[in-house]
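predicted model follows, preceded by the sequence.
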Amino acid sequence: VYKMWNLNIMKKIIILIVTIILITSCNNQPECSSAEVKRTLFSIVKEQLVKEYKNTYFNQKWDYSSLRAYSKDNGLNQEDFLSQKRIELNEEARIFAENAVNKTKLELDAVRLLEKEEELKKCKCVADLVVDREESTKIEYTAQLTEDNKVYVEQNIYNFYNFYFYTNINKWTRYSWIYI
């Protein structure tokens with residue numbers, strides 16, 4: 001009788017544990033500061049930085065009137081020459097931007113949950129985006145689980161950057177705020 005009673009208790013405990021596991025796995029929802037959400041968010045931020053750095057670098061280096069004068073003085077086809085120089089500078093700017101962003105260290109600090117939608121498996125978050133342990137700015141983002149349980153992150157782009165800009169070929173200096 002004692003063994004039967006013990007066996008019944010064990011069955012009930014196992015059923016309870018399985019039920020708890022099933023309930024908690026059904027409520028699977030991304031967290032604002034989870035490693036996967038941060039990794040995805042940083043990937044988005046770095047992609048945007050590459051774009052900004054590339055455009056800034058290109059705009060600082062592109063000197064249309066000097067290139068036009070050079071092509072004219074040397075009897076070169078102006079359209080072909082400018083097109084080739086544009087391609088070369090675009091590639092140089094891309095390499096510069098990717099190298100600069102790869103050296104940039106991003107961290108999230110003071111992560112806060114703004115809203116949680118359990119039915120949609122979605123959370124809205126805000127945090128301080130810290131760049132190279134020096135500068136920080138507020139960043140808002142949402143994280144949501146897709147139907148196949150992958151994390152989907154969207155970052156709100158307004159009020160985004162206080163970063164560094166390239167002002168000289170060999171060094172970085174703090175330049176200004178960028179708003180996208």
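Received, thanks. Numbering: from 1, shown residues only.

for the residue nearest to Arg133 when sequence neighbours are not counted, what are its contacts?
Nearest residue to Arg133, sequence neighbours excluded (Cβ to Cβ, 6 or more residues apart in numbering): Lys105, at 6.7 Å. Just so you know, the C-beta spots here come from the backbone N, C-alpha and C atoms, and that holds for glycine as well. Applying Cβ atoms under 8 Å, 6 or more residues apart in numbering, we find Lys105 in contact with Val131, Asp132, Arg133.

now those residues: which count as buried?
Neighbour counting with 16 or more other Cβ atoms under 10 Å marks Val131 as buried within the contacts of Lys105.

switch the contacts of Lys105 over to a markdown table; also include secondary structure.
Converted to a markdown table, the contacts of Lys105 look like this (DSSP: H, G, I helix; E, B strand; the rest coil):
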| residue | secondary structure |
| --- | --- |
| Val131 | strand |
| Asp132 | coil |
| Arg133 | coil |
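
and which of the contacts of Lys105 is nearest to Asn156?
Distance to Asn156 across the contacts of Lys105 (Cβ to Cβ) is lowest for Val131, with 17.3 Å.

just the strands in this protein please.
Along the chain, counting by DSSP state E, strands occupy 106-117, 122-131, 135-145, 151-156, 164-168, 171-174.

packing partners for the longest one?
In this case it means strand 106-117. Strand 106-117 sits against helix 35-61, strand 122-131, strand 135-145, with contacts defined as 3 or more Cβ pairs under 8 Å, 6 or more residues apart in numbering; DSSP states H and E.

one more time with 6 Å, if that's ok
In terms of contacts (3 or more Cβ pairs under 6 Å, 6 or more residues apart in numbering; DSSP states H and E), strand 106-117 is packed against strand 122-131.

tell me the mean pLDDT for the strand it packs on?
Here strand 122-131 scores 86 as its mean pLDDT.

what's the answer for stretch 137-149, then?
In this model, stretch 137-149 has a mean pLDDT of 86.

now what about that stretch, what contacts it?
Stretch 137-149 is contacted by residues 30, 37, 41, 121-127, 129, 151-156, 162 when judged by Cβ atoms under 6 Å, 6 or more residues apart in numbering.

with that, I have no additional questions.
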